[in-house]
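A.B. asks: okay, here's the prediction I keep looking at, along with the sequence it came from:
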There are 2 protein chains.
Amino acid sequence: MDFKQLQNDINIQFKHDDLLKQAFMHTSYVNEHRNQGLDDNERLEFLGDAVLELAVSQHLYRQYVDMSEGELTKFRANIVCEPSLEQFAKSIGLNEYLLLGKGEEKSGGRERPSLLADAYEALIGAIYLDQGFDTVIEFLSQFMFPNIEPGAFSHAMDYKTKLQEMVQQDGQQVHYEIVDEIGPAHDRQFVAKVYVNEIEKGEGQGRTKKEAEQHAAQKALKEY
Amino acid sequence: MDFKQLQNDINIQFKHDDLLKQAFMHTSYVNEHRNQGLDDNERLEFLGDAVLELAVSQHLYRQYVDMSEGELTKFRANIVCEPSLEQFAKSIGLNEYLLLGKGEEKSGGRERPSLLADAYEALIGAIYLDQGFDTVIEFLSQFMFPNIEPGAFSHAMDYKTKLQEMVQQDGQQVHYEIVDEIGPAHDRQFVAKVYVNEIEKGEGQGRTKKEAEQHAAQKALKEY
């Protein structure tokens, strides 16, 4: 397995190559090579999961300043989950590098979402141990964060997009109006109304115009 | 509220005092002071939870080199959970600092485990943003890590202690023997047997003598 190619692809030169290799070592491979003193990737995955959780949390915390804790938590769960991590793993070709036992290979382990997601987390753990948190952030800034959009991960959260889609399917028009601003300047709350074909369908409030519109769209969706 | 006292107590001087204060700001307090442009501690708690998760994971990963991923995950869940965080919060007197609305105060919010656990996580988030990850580790090394023992958190995991307690209650004696060593030197597996009053009660295998004994104790407990 040519781990040099992978290091070039992800722009990270490991100090400890064996750590990188360990990230791809499935327990089935270790079991088949008992006499080689290998460690599987499970403990690295344990650590990497926590590293990824913090890196993503920090990214979302800074990027989405209007999101509530509940929205952030949902968003994070939609990123740090098997289906998403499988995609991220495939996008950098990690399936090629998995080290599997023969049985696991035969039964299609190389394409198994759980193995790919685990290897992705283990790789994050290996980068963290070998290079530190800043390099993890650089890696994710290149290969993960650019693909993170609320719409792409949690359709349930982006109410405006969802409403727009439903309304368009019915050949109708949607528009928003900011109808009021309440509270003092330093704690301004906006009030938005959403109209479908000029008929009012919901009202929402928020600390930004966009948040107010999102909440109005959420109301409208409930009755759509 | 004298946040200077708290900063002295935890040996951290904040660059941004408002961040520290925010960590203690319950949403009920913010709602009662709408015109002051305050933010509650919920987003800080979101971030702090992930910071704590990584700090604890890293500590366990390094400290317990023989634990499997499954054991580490259980152990971590027993530390980063409401009952444990409530204890840690109380141990440094955080309940005094909670900023609550009047209704929340009246109904006993200051002693509510969830509010204390949330404030603890929010404090970790505030330390992280104001001072960085290394200071979080210093803080936890002083006030949390010394209190972390497998036995203290997850009795289910420390099988030897548990068996010892049960056996003693019955006025009996327990002892262990390493009966075999298998595999090559660099991948040695130990085999342990546990005896209660000289009668064999279980056998276990592991990469260290202690791990083998733990597994033997686990077997014995199942039939005790």
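C.D. replies: Perfect, thanks for sending it. Given the structure is predicted, the values throughout are model-derived calculations rather than measurements.
A.B. asks: spatially nearest residue to A:Y224 (excluding sequence neighbours)?
C.D. replies: With Cβ to Cβ, 6 or more residues apart in numbering or on different chains as the criterion, A:Y224 has its nearest non-adjacent residue at 5.9 Å, and that residue is A:M166. C-beta: built from backbone N, CA, C; applies to glycine.
A.B. asks: which helix or strand contains that neighbour?
C.D. replies: Per DSSP states H and E, A:M166 falls inside helix A:159-169.
A.B. asks: state the distance from A:M144 to chain B.
C.D. replies: 15 Å (Cβ to the nearest Cβ, to the nearest Å).
A.B. asks: phi, psi of A:L72?
C.D. replies: For A:L72, the backbone dihedrals (degrees, to the nearest 10) come out as phi -60, psi -40.
A.B. asks: let me know whether it touches A:R62 as I believe.
C.D. replies: No. Shown here, A:L72 and A:R62 do not form a contact pair, counting by Cβ atoms under 8 Å, at 10.9 Å.
A.B. asks: neighbour count winner among the two?
C.D. replies: For A:L72 versus A:R62, neighbours defined as other Cβ atoms under 10 Å in any protein chain shown are more numerous around A:L72 (20 against 10).
A.B. asks: need the helix or strand of chain A with the lowest average pLDDT.
C.D. replies: The helix or strand of chain A with the poorest confidence is helix A:150-153; it has a mean of 59 (mean pLDDT, DSSP states H and E).
A.B. asks: got the contact list for A:D40?
C.D. replies: Contacts for A:D40 were tallied using Cβ atoms under 8 Å, 6 or more residues apart in numbering or on different chains; they are A:22, A:25-27, A:29-30.
A.B. asks: element containing it?
C.D. replies: Counting by DSSP H and E, no helix or strand carries A:D40.
A.B. asks: and it, what pLDDT?
C.D. replies: Per-residue confidence at A:D40 stands at 95 (pLDDT).
A.B. asks: relative to B:C81, how far out is it?
C.D. replies: 27 Å (Cβ to Cβ, to the nearest Å).
A.B. asks: state the distance from the residue nearest in space to the middle of chain A to A:A23.
C.D. replies: The residue lying closest to the centre of chain A (Cα atoms, centre = their mean) is A:I79, at 2.2 Å. Going from A:I79 to A:A23 by Cβ to Cβ gives 19 Å.
A.B. asks: and the helices in chain A?
C.D. replies: A:3-9, A:17-22, A:27-32, A:42-63, A:69-79, A:82-91, A:102-106, A:113-131, A:133-143, A:150-153, A:159-169, A:209-222 (DSSP state H).
A.B. asks: show me what the last one is packed against.
C.D. replies: By that I understand helix A:209-222. helix A:159-169, strand A:174-182, strand A:189-196, strand A:199-206 (3 or more Cβ pairs under 8 Å, 6 or more residues apart in numbering or on different chains; DSSP states H and E).
A.B. asks: return the residues of chain A in contact with chain B.
C.D. replies: By Cβ under 8 Å from any Cβ of the partner chain, the residues of chain A that approach chain B are A:34-37, A:42-43, A:45-47, A:49-51, A:53-54, A:56-58, A:61, A:67-69, A:72-73, A:76, A:133, A:183-184, A:186-187.
A.B. asks: whichever of the residues you listed end up buried, select them in PyMOL.
C.D. replies: A single PyMOL command selects the buried members of these (16 or more other Cβ atoms under 10 Å in any protein chain shown):
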select buried, chain A and resi 42+43+45+46+47+49+50+51+53+54+56+57+58+61+67+69+72+73+76+133
